[in-house]
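Student: Can you look at this prediction? I've put the sequence above it.
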Amino acid sequence: MADSRTPASPDKSGAASPAPAVTRAAAVLDALAASATGRLTLSDLSREVGIPKSSTSNLLLALEEARLITRQGAEFTLGRKLVELGAAYLGRMDEVQEFYRYCEQASVLSGETVRIAMLDGTNVIYLARYEGHPAVRLTSNIGDKMPVSLCAVGKALIARLNVHDIEGMFPDDAELPVLTPKSLRTGAELKSQLREIREQGYAFEDEESTTGVVCLAVSVPTRGAHGPSLGLSVTALKATYTPEQGSQMVKELKELAHSLGNPMG
């Protein structure tokens with residue numbers, strides 16, 4: 001069954017594209033990724049992409065042959081080929097490899113759950129996750145998206161944006177997504193936190209995305225004019241977290257951020 005998102009208008013995807021079939025194929029993958037169940041029928045996908053069922057069926061057949069989607073009865077899901085492609089992408093990011101190397105030898109972070117994420121509009125995408133012992137498993141995994149207002153790493157990343165851009169993204173009365181009683185609710189609340197983040201040099205999330213979990217994060221200096229906007233975060237259980245522990249975590253996060261942003265020293 002399809003989720004509650006607004007259906008695409010007829011032939012909305014691909015209408016002005018130089019390669020409409022590719023654009024529609026990407027729209028199918030996006031729809032499956034965004035589905036609450038991860039499964040959609042032919043009718044669901046035809047409605048989402050905005051093209052007739054016959055055209056959608058041919059598109060799904062091509063995607064299935066390429067192993068980009070999988071048919072399960074009358075429904076379709078994302079295929080394992082996407083995992084291979086994602087792994088290939090991450091494997092060629094020097095920052096991800098250095099992230100794992102540092103976490104393994106760090107005195108504090110080696111025992112924690114640490115992640116590296118990339119800014120994507122008003123969301124972050126988690127690129128890698130290092131699990132110390134014990135790992136906090138209630139938080140986001142590789143490939144997950146999270147609204148920036150709900151996570152420390154998201155706030156650390158947008159805190160370095162131009163103030164004018166932030167105003168356009170988050171007007172004072174903007175309603176933000178809410179996951180816990182402590183989630184920020186308005187653009188005004190978010191921007192107030194961003195000022196604190198700039199002053200202290202790191203972001204702190206206090207049970208705003210997951211009850212019982214806190215998180216600290218820093219941004220990574222951008223490599224070149226077109227480098228990705230990356231951030232680092234570490235997660236801890238609120239019941240055992242102490243400010244002293246947090247200070248050590250932030251110290252190592254900043255060391256790692258410097259190493260990722262300035263590979264030559």
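Tutor: Noted; the coordinates are in hand. As the structure is a prediction and not an experimental result, all values here were calculated from the model. Numbering: from 1, shown residues only.

Student: Break the chain into its domains for me.
Tutor: Domain segmentation of the chain under the TED database yields 18-81, 92-259.

Student: all helices in this protein, in order from the N-terminus.
Tutor: Per DSSP state H, the chain carries helices over the ranges 20-34, 42-49, 53-65, 81-91, 94-105, 152-158, 163-169, 187-200, 243-261.

Student: which residues does residue 106 contact?
Tutor: Residue 106 makes contacts with 252, 255, 256, as judged by Cβ atoms under 8 Å, 6 or more residues apart in numbering. Placement of C-beta: from N, CA and C, glycine included.

Student: Make a PyMOL selection of the buried ones in those.
Tutor: In PyMOL, selecting the buried portion of those, with burial taken from 16 or more other Cβ atoms under 10 Å, looks like this:
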select buried, resi 252+256
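
Student: Check the contacts of residue 106 against residue 168 and report the nearest one.
Tutor: Among the contacts of residue 106, residue 256 lies closest to residue 168 (Cβ to Cβ), at 31.0 Å.

Student: Skip the chain neighbours and tell me the closest residue to the closest one.
Tutor: residue 102 (4.8 Å; Cβ to Cβ, 6 or more residues apart in numbering).

Student: so what's the one you found up against?
Tutor: Residue 102 touches 109, 255, 256, 259, counting by Cβ under 8 Å, 6+ apart.

Student: of the contacts of residue 106, closest to residue 83?
Tutor: Using Cβ to Cβ, residue 256 comes nearest to residue 83 of the contacts of residue 106, at 26.1 Å.

Student: Make sure that closest one is actually in contact with residue 99.
Tutor: Yes. The criterion here is Cβ atoms under 8 Å, and residue 256 meets it with residue 99 at 7.0 Å.

Student: list residues touching both of those two?
Tutor: Common neighbours of residue 256 and residue 99 (criterion: Cβ under 8 Å, 6+ apart): residue 232.

Student: if I look at residue 77, how far off is residue 115?
Tutor: 25 Å (Cβ to Cβ, to the nearest Å).

Student: Kindly apply the preceding question to residue 216 instead.
Tutor: According to Cβ to Cβ, residue 216 and residue 115 sit 11 Å apart.

Student: between these two, which one's more packed in?
Tutor: Taking neighbours as other Cβ atoms under 10 Å, residue 216 and residue 115 compare with residue 115 leading, 27 against 24.

Student: which ones are touching that one?
Tutor: Per Cβ under 8 Å, 6+ apart, neighbours of residue 115: 126, 127, 128, 129, 130, 139, 140, 153, 232, 233, 234, 235.

Student: now with 10 Å?
Tutor: 99, 103, 124, 126-131, 139-142, 144, 151, 153, 215, 217, 231-235 (Cβ atoms under 10 Å, 6 or more residues apart in numbering).

Student: what do you get for residue 84?
Tutor: So residue 84 contacts residue 67 (Cβ under 10 Å, 6+ apart).
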